[in-house]
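Asks: Sequence and predicted structure below; questions after.
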There are 2 protein chains.
Amino acid sequence: MAGPLAGIRVIDVTHMLAGPMATMMLADQGADVIKVEPPKVGDPGRARGRPIGMAPGFAMLGRNKRSIVIDLKQRRGIELMYRLIATADLFAQNFRPGTAERIGLGEPDLRRIKPDLVYVSISGFGENGPLAHKRAYDPVIQASAGVASIQSDRRTGRPQMVRVIVSDKVTALTAAQAMTAALFARQRTGEGQHVRLAMLDAVVSFLWPEEMDNYTYPDSEHFVQPNVRDLVYETADGYITMAAVGDDEWRATCRALEHPEWLDDPRFRTQADRIANADARFDLTGQALKTKTSAEWLAILDREQVPCAPILKPAEVIADAQVQHNGLIVEYQHPTVGRTRQTRPAARFERTPQEIRRPAPRLGQDTDEVLGELGVSREEIASLRAAGVVG
Amino acid sequence: MAGPLAGIRVIDVTHMLAGPMATMMLADQGADVIKVEPPKVGDPGRARGRPIGMAPGFAMLGRNKRSIVIDLKQRRGIELMYRLIATADLFAQNFRPGTAERIGLGEPDLRRIKPDLVYVSISGFGENGPLAHKRAYDPVIQASAGVASIQSDRRTGRPQMVRVIVSDKVTALTAAQAMTAALFARQRTGEGQHVRLAMLDAVVSFLWPEEMDNYTYPDSEHFVQPNVRDLVYETADGYITMAAVGDDEWRATCRALEHPEWLDDPRFRTQADRIANADARFDLTGQALKTKTSAEWLAILDREQVPCAPILKPAEVIADAQVQHNGLIVEYQHPTVGRTRQTRPAARFERTPQEIRRPAPRLGQDTDEVLGELGVSREEIASLRAAGVVG
């Protein structure tokens, strides 16, 4: 068995990041994901940010998928979609609210064709409501969900963005899990359903435990000032992180840093004391760590079992011994863009292993193959192509 | 039907954040998640960071679960676990590598009892390898996976942490999807399997598309300097974000900001030009936006359909009209901690709705109920309790 979702067919009209990353996970797990793209440029995510052939992000998000070009603005294109849907288990779309219905790809339309279809709609703010019409780029959601405020500069109070496209990606993971749960329910009951996810909802839900702790008990007066000190320490030659949570780890820290007197310091006696006096603790720790190199400190801290790590740059992550040991970065030859590196799927399934079976497709690379499987004749394909319905 | 995973039973010995957040998602979707906790303090995540009864994060992560206290250091405790496992579909653990095997809860041990069990192991760095022994708090993984480097201060180069516990939470979402996929495969084949996930792998995989773009094509010379300017703009009275990607959006921006001359500026003619001259564009945009209040600008930008948003503080997120419209924040009375607020599950399943069926349990609240369901007699429960095996 090729993957836990082998045999599942997904028809995917999502574009950019959140939708395609969700369906990448299903494709990695063996689903036959057919990516339906518009003529000419295809998914705008294909070209993003890079002058060369295929955006590096797309080389990952497109892997294990097949690409078919269908013009959904033509009636014959929609009719082709209906033939595809008849063979599908799951349909995913992230058009702006109302578009799918307008072009004939609404949930009731498709359910008539495939009664047990799992129909997944991903939106920015929701399918209706005051902001439903707004375009939801990542910074827009980071701003709206509170991420940019939580990340504010500690001195100036100026909001900052998290420099990971966290809104789209958190939505992707949340959507992939929901899609899989809906497929599971369908496997047991035989019934499909409509699954809806808004990026705003996914991101606020992601933040809620811990980052929104102060808003959980509205009647409580225990408002805790969020700790805005980073666990980033400067050493003689760079930066490391170090985190001592429990009493054991604090004692180990005092030993490693050769400051046994901290053990008797009333400011640091219990974990609550250490949280209350975090600033003083960070300052003292920071002073101590400036005296040796990162490598020296990490060896000492490791020996004393203080949780710690070097702060790696991306290139160092790739070269890291544990990353290598885990076989996390895989490299292969992509037929058009050449040598390509990316992470293998993170989770490892013992009996149904995930794998990279095929590289990200060129635009419309699999149009003929997919249509052929549907029983569309060569002549009909030629006619559809001549009319610009497929590409 | 109560949720897509109704009828699934999960035995969960995970603690802190990554594991419990993954099993929360399964519990929200109807699974019967039995949280097995050690005597006295239980999951350390229960008490974290707050002086009052239950950490706010736990009020969310523990919802929809039952709590049973079993001392896994006693042989009779492990024997009780075996009786529980015989009734389970999925077992999840995030002990340090080697611990589960040492105490008799290794995968082969449990598979003997329940041949089709899905056995899920979550680790920090992997089950073996040079860093497998290390304790993987969130900053340690942020440092090791490259997050802290990507978030570096743009002026000083000093690494910064993302102030969302992104390592644990990304691992949680990745794990929840993998668990669900394994349950799906089991539903079709009747076979369970071992699913393994390392936090390091989950986070590097999460970063790979886009944040690691420069490392995807090793032979390419198109190294793109990551854009370190935030899309955060100061207005006359606060901050907003604004993002114009396509040509239409750029034209709309020039109209909204009343700078038609930017349309003829050779630095901004194409999207590639605008990326190459991002600094100049941000500076000019920033100057223009200082002249009116946030509300004034947002009204104008919205009218011109420029993607934009106010940068909301957490309390403002809760009060936001779209968040309210989506019914995202739910409030209920918790029997011990009182009025409690949290997000509902983000994804909405039309036929198998998720719901908050029960508040987070007190430690060991359901011990008698769960043991009773196993057929353990009252006398035996009393004897087990007297010996400190259950609590």
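Replies: Here it is on my side, so go on.

Asks: Just the CA atoms of the longest helix seen in chain A, as CSV, please.
Replies: With DSSP state H setting the assignment, residue counts place helix A:166-189 as the longest helix in chain A. As requested, the backbone C-alpha atoms of helix A:166-189 are provided in CSV (Å, rounded to 0.1, in the frame of the first residue of the first chain):
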residue,chain,number,x,y,z
VAL,A,166,1.9,31.3,9.2
SER,A,167,-1.7,32.1,8.3
ASP,A,168,-1.7,30.1,5.1
LYS,A,169,0.3,27.3,6.5
VAL,A,170,-1.7,26.8,9.7
THR,A,171,-4.8,26.9,7.6
ALA,A,172,-3.2,24.2,5.3
LEU,A,173,-2.5,21.9,8.2
THR,A,174,-5.9,22.5,9.8
ALA,A,175,-7.6,21.9,6.4
ALA,A,176,-5.7,18.7,5.7
GLN,A,177,-6.7,17.2,9.0
ALA,A,178,-10.3,18.2,8.5
MET,A,179,-10.3,16.7,4.9
THR,A,180,-8.9,13.5,6.3
ALA,A,181,-11.5,13.4,9.1
ALA,A,182,-14.3,13.9,6.6
LEU,A,183,-12.9,11.1,4.4
PHE,A,184,-12.8,8.9,7.5
ALA,A,185,-16.4,9.6,8.4
ARG,A,186,-17.4,8.9,4.7
GLN,A,187,-15.5,5.6,4.8
ARG,A,188,-17.7,4.5,7.7
THR,A,189,-21.0,6.0,6.8
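
Asks: Can you name the element that comes right after that helix?
Replies: strand A:194-198 (DSSP states H and E).

Asks: and the most centrally placed residue in chain A, what is it in contact with?
Replies: With distances taken as Cα atoms, centre = their mean, A:Lys169 lies nearest the centre of chain A, 2.8 Å away. When contacts are counted by Cβ atoms under 8 Å, 6 or more residues apart in numbering or on different chains, A:Lys169 is found next to A:Leu17, A:Ala18, A:Met21, B:Val170, B:Phe206, B:Pro209. Backbone N, C-alpha and C define where each C-beta goes, glycine included.

Asks: What helix or strand is the closest residue to the fourth one other than its chain neighbours located in?
Replies: Spatial nearest neighbour of B:Val170, chain neighbours left out: B:Phe206 (4.8 Å); criterion: Cβ to Cβ, 6 or more residues apart in numbering or on different chains. According to DSSP H and E, B:Phe206 maps onto helix B:199-211.

Asks: Output the contacting helices and strands for that helix.
Replies: helix A:56-61, helix A:166-189, helix A:321-325, strand A:338-343, helix B:138-145, helix B:147-150, helix B:166-189 (3 or more Cβ pairs under 8 Å, 6 or more residues apart in numbering or on different chains; DSSP states H and E).

Asks: What mean pLDDT does that helix get?
Replies: On average, the pLDDT along helix B:199-211 is 96.

Asks: ok, A:Gln160 touching B:Arg229?
Replies: No - with contact defined as Cβ atoms under 8 Å, A:Gln160 does not count as touching B:Arg229 (10.9 Å).

Asks: Can you pick out the residue with more neighbours from those two?
Replies: A:Gln160 (24 against 13; other Cβ atoms under 10 Å in any protein chain shown).

Asks: roughly how far apart are that one and chain B?
Replies: From A:Gln160 over to chain B the distance is 6 Å, taken as Cβ to the nearest Cβ, to the nearest Å.

Asks: quick revisit: for the helix holding B:Phe206, C-alpha coordinates in CSV please.
Replies: In CSV, the C-alpha atoms belonging to helix B:199-211 read as follows (Å, rounded to 0.1, in the frame of the first residue of the first chain):
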residue,chain,number,x,y,z
MET,B,199,8.9,18.1,16.1
LEU,B,200,12.1,19.1,14.3
ASP,B,201,10.8,17.4,11.1
ALA,B,202,7.4,18.9,11.4
VAL,B,203,8.8,22.4,11.8
VAL,B,204,11.4,22.3,9.0
SER,B,205,8.8,20.8,6.7
PHE,B,206,6.4,23.6,7.7
LEU,B,207,9.1,26.2,6.8
TRP,B,208,10.2,24.6,3.6
PRO,B,209,7.8,26.1,1.0
GLU,B,210,8.7,29.8,0.7
GLU,B,211,10.9,30.4,3.8
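
Asks: angle of it against strand A:338-343?
Replies: Inter-element angle recorded for helix B:199-211 and strand A:338-343: 140 degrees (by axes from the mean of the first three to the mean of the last three Cα atoms, to 10 degrees).

Asks: Determine the next helix or strand in the C-terminal direction from helix B:199-211.
Replies: For helix B:199-211, the succeeding helix or strand toward the C-terminus, using DSSP H and E, is strand B:233-234.

Asks: so how far is that next one from its chain's centroid?
Replies: For strand B:233-234, the distance between its averaged C-alpha position and the chain's averaged C-alpha position is 30 Å (Cα atoms, centre = their mean, to the nearest Å).

Asks: Average pLDDT for the helix or strand following it, rounded please.
Replies: The element immediately downstream of strand B:233-234 (helix or strand, assigned by DSSP H and E) is strand B:239-242. Mean pLDDT, computed over strand B:239-242, is 97.

Asks: ok, residues contacting whichever helix or strand comes after strand B:239-242?
Replies: Taking DSSP H and E as the definition, the helix or strand that follows strand B:239-242 towards the C-terminus is helix B:247-256. Outside helix B:247-256, the residues within contact range by Cβ under 8 Å, 6+ apart are A:135, B:242-244, B:260, B:262-263, B:268, B:270-271, B:274, B:285, B:297, B:300-301, B:303-307.

Asks: Which ChimeraX command selects the buried ones in the residues you listed?
Replies: Buried members of those can be picked out in ChimeraX with the line below, counting by 16 or more other Cβ atoms under 10 Å in any protein chain shown:
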select /A:135 /B:242,243,244,262,268,271,274,285,297,300,301,304,305,306,307
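
Asks: In helices, which of the contacts of helix B:247-256 appear?
Replies: Judged by DSSP H, helices contain the following of these: B:Gln271, B:Arg274, B:Thr285, B:Trp297, B:Ile300, B:Leu301, B:Arg303.

Asks: how many neighbours does A:Pro130 have?
Replies: 13.

Asks: Who's the closest spatial neighbour of it, skipping the chain neighbours?
Replies: Counting by Cβ to Cβ, 6+ apart, A:Pro130 lies nearest to B:Ala321, which is 4.7 Å off, once chain neighbours are set aside.

Asks: residue ranges with poor pLDDT in the stretch 201-350 of chain A?
Replies: A:221, A:227-228 (pLDDT under 70).

Asks: give me that answer again for 80
Replies: Scanning the stretch 201-350 of chain A with the threshold set as pLDDT under 80 gives A:221-229.

Asks: ok, back up a step: quick check: mean pLDDT of the longest helix of chain A?
Replies: The model assigns helix A:166-189 a mean pLDDT of 98.

Asks: angle of it against helix B:199-211?
Replies: Taking the same axes, to 10 degrees, one finds that helix A:166-189 is oriented at 120 degrees with respect to helix B:199-211.

Asks: And helix A:166-189, what's buried?
Replies: For helix A:166-189, the neighbour count (16+ other Cβ under 10 Å) marks A:166-187 as buried.

Asks: and if you look at stretch A:281-292?
Replies: For stretch A:281-292, the buried set under the neighbour-count rule, 16+ other Cβ under 10 Å, comprises A:Arg281, A:Phe282, A:Leu284, A:Thr285, A:Ala288, A:Leu289, A:Lys292.

Asks: Chain B next: which of these are close?
Replies: Judged by Cβ under 8 Å from any Cβ of the partner chain, the overlap between these and the neighbourhood of chain B is nil.

Asks: From the residues you listed, pick the one nearest A:Asp12.
Replies: Closest approach between the buried residues of stretch A:281-292 and A:Asp12, by Cβ to Cβ: A:Phe282, at 47.0 Å.
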